[in-house]
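Enquirer: fold the following and give me the result.
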Amino acid sequence: MAEIALVTGAGGTLGRELAERLSKAGYRLVLTGRDERKLIENRIADALCIPADLSEPDAVEKLFAAIEAEYAEPATMLAHCAGSVMIRPLHRTTVEQYRSCMQNNLDSAFFTLQGFVQALLKQKKPGRAVLISSIAARIGISNHAAVGAAKAAIEGLVRSVAATYASHGIRVNGLAPGLMRTSATEGFFAGEKAEQQIAGQYPLGRYGQAADAAGLIYWLLSNEAEWITGQIIAVDGGFSTIWPLAKR
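Expert: Now for the predicted structure:
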């Protein structure tokens, strides 16, 4: 029987792209997200769809209980694509905005990964998980205080959990993408020259697409990456590491 892959944030562009790849490869899918309407719109045939706010521990507990009830075995693959972006200077960030950013990003990652690991340990199964960080956790980018802090914490979470459960055959890795054009970031591309200006920030000359991240997530979840754990891999067109000479 095919393994079970859990994709969070499945109502978004990245979650949908990854779910389609996993479905074509024959994995059994569990898709979850906060927006039930988007989840239904993005539904993939035969996938188990469970709307849930993963920043709430009770909702996470119900999610994994539903997976066990449906399949009598845990998901052995987790792609945590849920999260949010908030670009706002520190001095103008309200308490509510800060806490929402932390809940959407760090809390949802922590509780979902916790439930995933607990389910694997209960049935003594190995597994693989991938969480999403950001280049804002690696280098200073203006007006990214809250999301940069949340994503940096996710990177610490990845490394700690990978170290703790390596002996159980549980691999945990992360991605730190640059700006990808998705339904959540479409607003950044408004304006006549926005697309050109955004693309120009990246050494490879273009901004990211969901497929760029989905391909790497898929590989990290596969057995081809069985000797890789505790890593945060940048998918950013060179933004965080290289600055080529300016063209004249």
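
Enquirer: not counting sequence-adjacent ones, nearest residue to residue 29?
Expert: Counting by CB to CB, 6 or more residues apart in numbering, residue 29 lies nearest to residue 47, which is 3.9 Å off, once chain neighbours are set aside. All C-beta atoms are positioned from the backbone trio N, CA, C, and that covers glycine.

Enquirer: what's the spacing between the one you found and residue 99?
Expert: As judged by CB to CB, to the nearest Å, residue 47 and residue 99 stand 32 Å apart.

Enquirer: what about those two, which has more around it?
Expert: Using other CB atoms under 10 Å as the criterion, residue 47 and residue 99 rank with residue 47 on top: 20 against 13.

Enquirer: that one against residue 31, yeah?
Expert: Yes - using CB atoms under 8 Å, residue 47 is in contact with residue 31, at 5.0 Å.

Enquirer: for residue 200, see how far away the residue nearest to residue 29 is.
Expert: Distance from residue 47 to residue 200, by CB to CB: 38 Å.

Enquirer: picking that back up, find residues that contact each of residue 47 and residue 31.
Expert: Residues touching both residue 47 and residue 31 (CB atoms under 8 Å, 6 or more residues apart in numbering) are residue 19.

Enquirer: what ranges in this protein fall below the confidence cut-off?
Expert: Counting by pLDDT under 70, the chain has low-confidence residues at 246-248.

Enquirer: name the residue closest to the centre of the chain, please.
Expert: residue 81 (2.8 Å; CA atoms, centre = their mean).

Enquirer: and residue 101, how many neighbours?
Expert: Neighbours of residue 101 (other CB under 10 Å): 24.

Enquirer: show me how far stretch 138-153 is from its chain's centre.
Expert: On the basis of CA atoms, centre = their mean, to the nearest Å, stretch 138-153 sits 16 Å off its chain's mean C-alpha point.

Enquirer: repeat for stretch 118-137
Expert: With CA atoms, centre = their mean, you get 11 Å for stretch 118-137.

Enquirer: just the terminal-to-terminal distance for that stretch.
Expert: By CA to CA, to the nearest Å, the extent of stretch 118-137 from end to end equals 27 Å.

Enquirer: same check on stretch 3-14?
Expert: 21 Å.

Enquirer: can you give me the buried ones in that stretch?
Expert: 3-14 (16 or more other CB atoms under 10 Å).

Enquirer: mind checking which of the residues you listed land in strands?
Expert: 4-8 (DSSP state E).

Enquirer: got JSON lines for these, with distance to residue 67 too?
Expert: Below are these laid out as JSON lines (distance: CB to CB, whole Å):
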{"residue": "4", "distance to residue 67": "7"}
{"residue": "5", "distance to residue 67": "11"}
{"residue": "6", "distance to residue 67": "7"}
{"residue": "7", "distance to residue 67": "12"}
{"residue": "8", "distance to residue 67": "12"}
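
Enquirer: from the residues you listed, which is closest to residue 164?
Expert: Nearest to residue 164 among these: residue 6, at 19.8 Å, using CB to CB.

Enquirer: re earlier: format the buried residues of stretch 3-14 as JSON lines; extra columns: distance to residue 235.
Expert: Output for these, formatted as JSON lines (distance: CB to CB, whole Å):
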{"residue": "3", "distance to residue 235": "24"}
{"residue": "4", "distance to residue 235": "25"}
{"residue": "5", "distance to residue 235": "20"}
{"residue": "6", "distance to residue 235": "21"}
{"residue": "7", "distance to residue 235": "17"}
{"residue": "8", "distance to residue 235": "18"}
{"residue": "9", "distance to residue 235": "16"}
{"residue": "10", "distance to residue 235": "19"}
{"residue": "11", "distance to residue 235": "21"}
{"residue": "12", "distance to residue 235": "16"}
{"residue": "13", "distance to residue 235": "14"}
{"residue": "14", "distance to residue 235": "11"}
